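S.K.: what follows is a protein structure lacking sequence information:
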């Protein structure tokens, strides 16, 4: 089935460690996105990529890094520089042109212990 | 910059209509969306509307767009317990091919 897959669903990290969240899509979409969701704050854009080997910072990119070496994959690394990393992280993809909808993964809940 | 605003909570009685409101600031938005999020899950697109439309109806869902006031609403007729979720309004930024801006979400709860 076509779709967008995030892994793992739950992730625990010790303070001071980097951690990488996986996002893979087989929808042949050009654009991919990472959002962070905190209670009562909706979704905030971390990074997005419109094409392979290119990405742009969103509104809250500090403490995060991404890569887009393949069309299907857009991993997000939460670095130790991110002061408050505990959150629900959502990856999405879209065809990238005029419209259309963004398709979302099921999310990864990251907890720093 | 661009902003999308929604009220955080809405409570309705089962069987009544729910109306969730949203305002946005980007007058160049070309597409506006409503997404639904159930607990612990990703977002699912419910419906969208082009900026040159005033209304779109899809079964129990009606979307109204007032472009002059930059106001979008989602009406759910005959609200059921399965409609309990967080509803997000989103706009596609007019100046960018693919950036999508989300509101804070409205948590809809259903009273028996």
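M.R.: Good, I have the coordinates. Computed from a predicted model, the values in this text were never measured in an experiment. Residues are numbered from 1 along each chain as shown, chains lettered A, B, ... in the order given.
S.K.: so where's chain B shaky on pLDDT?
M.R.: Along chain B, segments meeting pLDDT under 70 span B:1-2, B:93-98.
S.K.: who in it is up against chain A?
M.R.: In this structure, chain B approaches chain A at residues B:6, B:8, B:30-31, B:33, B:35, B:40-45, B:48, B:88, B:92, B:97-105, judged by CB under 8 Å from any CB of the partner chain. In short, each C-beta sits where N, CA and C put it, glycine included.
S.K.: of these, keep whichever come out buried.
M.R.: Buried positions within the residues of chain B next to chain A, assessed by neighbour count (16 or more other CB atoms under 10 Å in any protein chain shown), are B:6, B:31, B:33, B:35, B:42-43, B:45, B:48, B:88, B:92, B:98-105.
S.K.: for the closest residue to residue A:80 other than its chain neighbours, give its distance to chain B.
M.R.: Nearest-residue entry for residue A:80: residue A:16, 4.9 Å, with adjacent residues in sequence omitted and distances by CB to CB, 6 or more residues apart in numbering or on different chains. In this view, residue A:16 and chain B are 27 Å apart by CB to the nearest CB, to the nearest Å.
S.K.: now residue A:84
M.R.: For residue A:84, the distance to chain B equals 18 Å [CB to the nearest CB].
S.K.: any idea of the pLDDT on that residue?
M.R.: In the predicted model, residue A:84 carries a pLDDT score of 91.
S.K.: ok, the most centrally placed residue in chain A - contacts?
M.R.: Centroid-nearest residue in chain A, with CA atoms, centre = their mean: residue A:34, separated by 2.9 Å. If a contact means CB atoms under 8 Å, 6 or more residues apart in numbering or on different chains, then residue A:34 has A:21, A:23, A:45-48, A:58, A:64, A:66, A:74, A:76, A:89-91 as its contacts.
S.K.: redo that, cut-off 10 Å
M.R.: Contact partners of residue A:34, counting by CB atoms under 10 Å, 6 or more residues apart in numbering or on different chains, are A:6, A:21, A:23, A:43-49, A:55, A:58, A:60-61, A:64, A:66, A:74-76, A:89-92, A:105.
S.K.: which members of the residues you listed occur in strands, if any?
M.R.: In strands, defined here by DSSP state E, the members of the contacts of residue A:34 are A:6, A:21, A:23, A:43-49, A:55, A:64, A:66, A:76, A:89-92.
S.K.: chain neighbours aside, what residue packs nearest to residue B:91?
M.R.: Counting by CB to CB, 6+ apart, the nearest residue to residue B:91 once its immediate chain neighbours are dropped is residue B:29, at 4.2 Å.
S.K.: surely residue B:63 and residue B:51 touch.
M.R.: No - with contact defined as CB atoms under 10 Å, residue B:63 does not count as touching residue B:51 (11.9 Å).
S.K.: more neighbours: which of these two?
M.R.: More crowded of residue B:63 and residue B:51, by other CB atoms under 10 Å in any protein chain shown: residue B:63, with 22 against 16.
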